[in-house]
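Got a sequence here, can you build the structure:
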Amino acid sequence: MPVEIAEFIYGLLGKPADVDVYNPFSGMCSFPLAFKRCHSLCYEINRGTWASSIVRMHAYGIDANIQCCDALSAMSSNGFKMDNVVCCPPFGMRKEMTIANIVDTIFEHLSDNGVCAIVVEAGFLSRQVDNDSEVRNKLIRSRAISSVVLLPGGLFTGSNIQTAVVLFTKQQNESVFMYDASIEFIRDKRKKPRLDLDDIWEAMDEDTTQNVPYEEIDQDGCLLPRKYINPLDPNKYVRLGDIASVVAPTTKSVEFGSPYINASSLVQGVPIAPIKPIRNTVYWNSGSYYKITEPVIIFDFNIDSLKVRVGFTDTRDDAIYAAKTLNVIIPNEVVSKEYLMLTLQSDEVKYQLMGLQAGVIHGRIKKSDLLDVRIPIVPIEEQIRSVNEALSSQISESEKLRVAEFESFQKEIRIRKHALAGRLSVISSKWNRLESFIRDNGGSISIKDLIGKRNPITVEVVLNQISSYLKDALFQVDNLAGIEYDWGGPVKINVRDFLEKYAHKHQSSRFFISIIGIDDYSKKGKEICSVRFPEKALCRVMDDIISNATAHGFNDETRFDYRILFDWWVEDDNIVLSISNNGTPLKEDAREDMVLSYGYSTSLNTGGHLGIGGHEIKSIVEKFGGKVEFISTPEEEYTITYHLYLPDVSRLTE
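You can find the predicted model right below:
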């Protein structure tokens, strides 16, 4: 057991001194290390562990009475009463040694003023199976429990099991002190959770603790702290089972090459596109798997990182298989799939998922238990607003990353320019020195002539230096000319698919995106609206057109009708992609050659906007065989329009 748990329990008990402390199931004697001011009486049944613990106590200079015996049998046969007990039983080592049996035995052998602090698997706090519920309700009826503290999972080496500390006495208590300390930890170098004792004491506030009167404890005897700390308002939450159905694994095998989904296929945030399955490379015929043939939501909860990752499928024909460790649900019409994926990642839902996983060794949630998870429910308008705000936040973060990446690229150019300028400056200095020497010698010199008085060098050396520096400068010129931003290679992009995904991702509470345009496919089914262009570059161009619109055009806080219009059509050998907005017009004298020139700035350009400017938009599009047209129509509904002329794939390949 980690010593930090023993030290936390020592503080929880009020740091007793000069008292006898019984420690059944003492293991490697972590408790005596924390209870140094007490007289520890330890019991360990394993002879190897018993011998090692004696050596450990000797190394630390602690005088502990350590006996090699079965603590449960000793207590039952001797019938003695104990005043102070601390223990961390080995979970499930013997069939008759369940947590419930151990708790019940210790409770019966406490003195009238006795107190016990025991580390239990968190499942003991809520399980309705075996005799857990019977023993738990026995303690509740006796009002014996004084404190329950839920600890993080993964504190014990080799297991992700979540644990809790339960304090109980023989005296009656008025209430139970509940503390959810399940997220108050730090990670060591091996990324294992470790209790931070300073933080765990400081974090005791109204958001993490609650004194719960015995009259308010649930009839089922559930003692999970999160159920009582800031309880969920039943009028604002509904059961997941009332708004969605939970799918169970239905197949025992996955064919070679079948589309397959695992936890790495999922993402955090609100995904904008369906999950892209991988292709499994072997035939699996053991275990259970999901066989998905309809649109579903898939999510995974990692209790170690406290993160929920989500994704969705839109398959209706080909089956997709998924790992049984994932959770698959189908929402009904009450909630949108985007809103449900967003709320599954909220703190209130995470705490409930933690409660479901409490005490489960492998961290898997029972599918039937998912139905009882409470989901915050709001009108559809608020659902849309919440999703839009989350998407806007995601977009701003991705834009920051792209801006940072581009600024890094520009910084690299500046560094190389500075290096080239430095080298040219040295060449100029050497050449000026040589010219001055030639003039002083009447225009006639020899390569063996000496230049300078203090540290003279020959003309030959100076010429060799200039030659060497020129070679370096030529290399730096080539190096500077060869540096290009990596937009990726051109790929085939279906215009409608691209714009629909882009619009879905960029919808915002500040503006609405509308899409019009011709159909994707001709009557014969031939694709007619696809371009060949680097997707990363096209996204960048679109991002900066939209970003410039929101920064310079959508600046009236009293307007709620801002719109962006996407349109496209075929013109000669190009597909014209049109992006218009109805924001504030530009200056009256704004012309296309000005807006698309280097360094152009509007009179509204305030607040440190980071758009790359018309010149860069133009240069990116032209780099890959297209062109840009800018149109300003201040008197019309849509005041600003960009036309991107992109090569039509079907025309190029005919």
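
Please count neighbours and contacts with C-alpha atoms only from this point.
Will do.

List the strands paired with the helix or strand harbouring Asn113, with their directions.
Following DSSP states H and E, one finds Asn113 within strand 110-121. Paired with strand 110-121 in the same sheet, following DSSP bridges, are strand 82-87 (parallel), strand 162-169 (antiparallel).

Give me the residues contacting that strand.
Under the contact criterion Cα atoms under 8 Å, 6 or more residues apart in numbering, strand 110-121 has outside partners 9, 13, 81-89, 91, 99, 103, 106-107, 161-171, 358-359.

in it, what counts as buried?
Judged by neighbour count (16 or more other Cα atoms under 10 Å), strand 110-121 contains these buried residues: Leu110, Ser111, Gly114, Val115, Cys116, Ala117, Ile118, Val119, Val120, Glu121.

just stretch 2-18 next, same as before
Glu4, Ile5, Ala6, Glu7, Phe8, Ile9, Tyr10, Leu12, Pro16.

Now the two most distant members of those residues.
Spatially, the most separated pair among the buried residues of stretch 2-18 is Glu4 and Pro16, at 16.8 Å (Cα to Cα).

residue boundaries of the helices in the stretch 551-654 of the chain?
In the stretch 551-654 of the chain, the helices defined using DSSP state H, counting those that start in this stretch lie at 592-595, 614-623, 649-653.

actually the stretch 301-450 of the chain, not the one I wrote
Under DSSP H, counting those that start in this stretch, the stretch 301-450 of the chain gives helices at 337-343, 347-357, 367-370, 380-440.

Would you format these as a markdown table with mean pLDDT and distance to Pro249 included?
Compiled in a markdown table, the helices of the stretch 301-450 of the chain are given as follows (pLDDT from 0 to 100; distance: least, Cα to Cα, whole Å):
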| stretch | mean pLDDT | distance to Pro249 |
| --- | --- | --- |
| helix 337-343 | 87 | 20 |
| helix 347-357 | 72 | 19 |
| helix 367-370 | 69 | 10 |
| helix 380-440 | 77 | 29 |
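
Tabulate those (a markdown table), appending mean neighbour count and distance to Asn464.
Below are the helices of the stretch 301-450 of the chain laid out as a markdown table (neighbours: other Cα atoms under 10 Å; distance: least, Cα to Cα, whole Å):
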| stretch | mean neighbour count | distance to Asn464 |
| --- | --- | --- |
| helix 337-343 | 21 | 68 |
| helix 347-357 | 20 | 70 |
| helix 367-370 | 15 | 79 |
| helix 380-440 | 15 | 11 |
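
Name the stretch among the strands paired with strand 110-121 that sits most buried.
strand 162-169 (a mean of 25; mean count of other Cα atoms under 10 Å).

So in that sheet, which strands flank the helix or strand just after it, and in what orientation?
Sequence order places strand 175-180 as the next helix or strand after strand 162-169, per DSSP H and E. If you go by DSSP bridges, strand 175-180 pairs up with strand 145-153 (parallel), strand 209-213 (antiparallel).

outside of strand 175-180, which residues touch it?
Contacts to strand 175-180, defined as Cα under 8 Å, 6+ apart, come from residues 143, 145-151, 204, 208-214, 225-226, 228-229.

Also stretch 229-240?
The contact list for stretch 229-240, computed with Cα under 8 Å, 6+ apart, reads 178, 206-210, 370-378.

Closest one of these to Asn548?
Nearest to Asn548 among the contacts of stretch 229-240: Val378, at 33.2 Å, using Cα to Cα.

Do you know the pLDDT at the closest residue to that closest one other than its chain neighbours?
Excluding its sequence neighbours, the residue lying closest to Val378 (Cα to Cα, 6 or more residues apart in numbering) is Lys236, at 7.5 Å. For Lys236, the pLDDT comes out at 81.

Give me the neighbour count for Lys236.
Look at Lys236: counted by other Cα atoms under 10 Å, it has 11 neighbours.

With Lys337 as the reference, measure out to it.
For Lys236, the distance to Lys337 equals 19 Å [Cα to Cα, to the nearest Å].

Contacts only, for the most centrally placed residue in the chain.
The chain has Gln268 as the residue nearest its centroid, 5.4 Å off, counting by Cα atoms, centre = their mean. By Cα under 8 Å, 6+ apart, the contact list for Gln268 reads Lys307, Val308, Arg309, Val310, Gln345.
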